[in-house]
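Asks: Just need the structure, nothing else, for what follows:
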Amino acid sequence: MSSAQETVGEFLKQWKPIAAMPPGNPVRRGVLRCMTTDDVAQRASVLAKTNALFALHERYREIGIFREDAPPHAADMAALLAVKLDEFAQAIADGKAQNFLELIQKGFQFGRFEPEAKHVALRKFLLHLWHMRIGGPGLKYSMYGNGVLYTAGGLSHEEMAREYNQLGFGGDKPLFGGQFYRIEQLEFHFDTGSTTFARHVDPGKVEEAVRRWVRLTGGDATRLALAYLPGRQN
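Replies: Got it, this is the predicted structure:
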């Protein structure tokens with residue numbers, strides 16, 4: 001381990017926001033691994049496992065729909081990846097590490113920059129959506145007020161609703177639910193056929209929400225093809 005790695009690692013372990021986290025906390029582990037290397041590819045890999053928004057940006061780049069008009073928070077994460085270990089270590093030695101520490105919180109989105117619960121839930125939904133296999137099984141989802149979409153992989157709609165509440169995303173009940181189906185790389189079909197929730201269903205709200213949240217998380221929503229499948233129950 002170089003002297004710069006040791007300086008940065010020891011400093012971060014004693015930094016209050018990190019020191020207060022248990023050793024197994026993914027953010028703590030990610031910050032320590034990310035900031036004690038100059039390897040940008042390793043940093044990006046670590047950040048993608050820790051920050052769902054960065055993981056979405058990486059996914060959008062892979063499939064060619066990442067927005068080039070500086071989507072929210074992209075600049076913070078790019079700046080974090082570009083930090084020079086020697087410069088960070090020198091700033092620590094000079095007692096001038098505050099800018100680096102703020103950048104770490106912005107890049108990993110914790111502390112003063114922790115995202116709202118609805119953003120955490122929606123990023124989880126979108127990650128599941130973009131990792132669906134083309135022509136594969138459907139993905140169950142639930143729709144909450146204010147356009148919040150949620151999924152939990154293979155759980156039933158009832159189980160998803162319980163998990164949503166247990167994770168602190170809110171105490172509301174879903175308005176309705178259904179499934180998404182991936183037809184092509186950028187084409188999805190969806191239904192609103194869940195019989196679990198008996199409320200008025202507006203399929204247009206689902207498409208509107210998906211497009212809005214894809215755009216807000218850095219994707220070009222105009223490239224996305226969505227089609228409603230009426231009459232399906234699940």
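
Asks: if we look at the strand ranked longest in the chain, which residues are touching it?
Replies: If you go by DSSP state E, the chain has its longest strand at strand 176-184. Residues outside strand 176-184 that contact it (C-beta atoms under 8 Å, 6 or more residues apart in numbering): 129, 132-136, 138-143, 157, 160, 188-194, 196-197, 199, 201, 206, 225, 229, 232, 234. Yep, even glycine has a C-beta here, placed from its N, CA and C like the rest.

Asks: Just the buried residues of stretch 99-108, please?
Replies: Within stretch 99-108, the residues that qualify as buried are 100-101, 103-108, counting by 16 or more other C-beta atoms under 10 Å.

Asks: Quick one: distance of that stretch to the chain centre.
Replies: What separates the centre of stretch 99-108 from the centre of its chain is 17 Å, taken as C-alpha atoms, centre = their mean, to the nearest Å.

Asks: quick check: mean pLDDT across it?
Replies: Averaged across stretch 99-108, pLDDT comes to 97.

Asks: Residues touching it, excluding its own?
Replies: With C-beta under 8 Å, 6+ apart, stretch 99-108 has contacts from 15, 17, 27, 30-31, 34-35, 47, 50-51, 54, 73, 76-77, 79-81, 83, 88, 91, 111-113.

Asks: Can you show me the CA trace of that stretch as CSV?
Replies: C-alpha atoms of stretch 99-108 as CSV (Å, rounded to 0.1, in the frame of the first residue of the first chain):
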residue,chain,number,x,y,z
ASN,A,99,-14.1,19.8,-0.9
PHE,A,100,-13.1,16.1,-1.4
LEU,A,101,-15.3,15.0,1.5
GLU,A,102,-18.3,16.9,0.1
LEU,A,103,-17.6,15.3,-3.3
ILE,A,104,-17.6,11.9,-1.8
GLN,A,105,-21.0,12.5,-0.2
LYS,A,106,-22.4,13.9,-3.5
GLY,A,107,-21.0,11.0,-5.5
PHE,A,108,-22.1,8.2,-3.2
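
Asks: Tell me which stretches of the protein form strands.
Replies: Using DSSP E, strands in the chain cover 139-144, 148-150, 176-184, 187-190, 225-228.

Asks: Ok, which of the ones you listed comes nearest residue 10?
Replies: Smallest distance to residue 10 across the strands of the chain (C-beta to C-beta): 39.8 Å, for strand 148-150.

Asks: What pairs with that closest one, parallel or antiparallel?
Replies: Strand pairing for strand 148-150, using DSSP bridges, gives strand 139-144 (antiparallel).

Asks: Tell me what angle the strand it pairs with forms with strand 176-184.
Replies: Orientation of strand 139-144 against strand 176-184 (axes from the mean of the first three to the mean of the last three C-alpha atoms, to 10 degrees) gives an angle of 140 degrees.

Asks: No further queries at this time; thank you.
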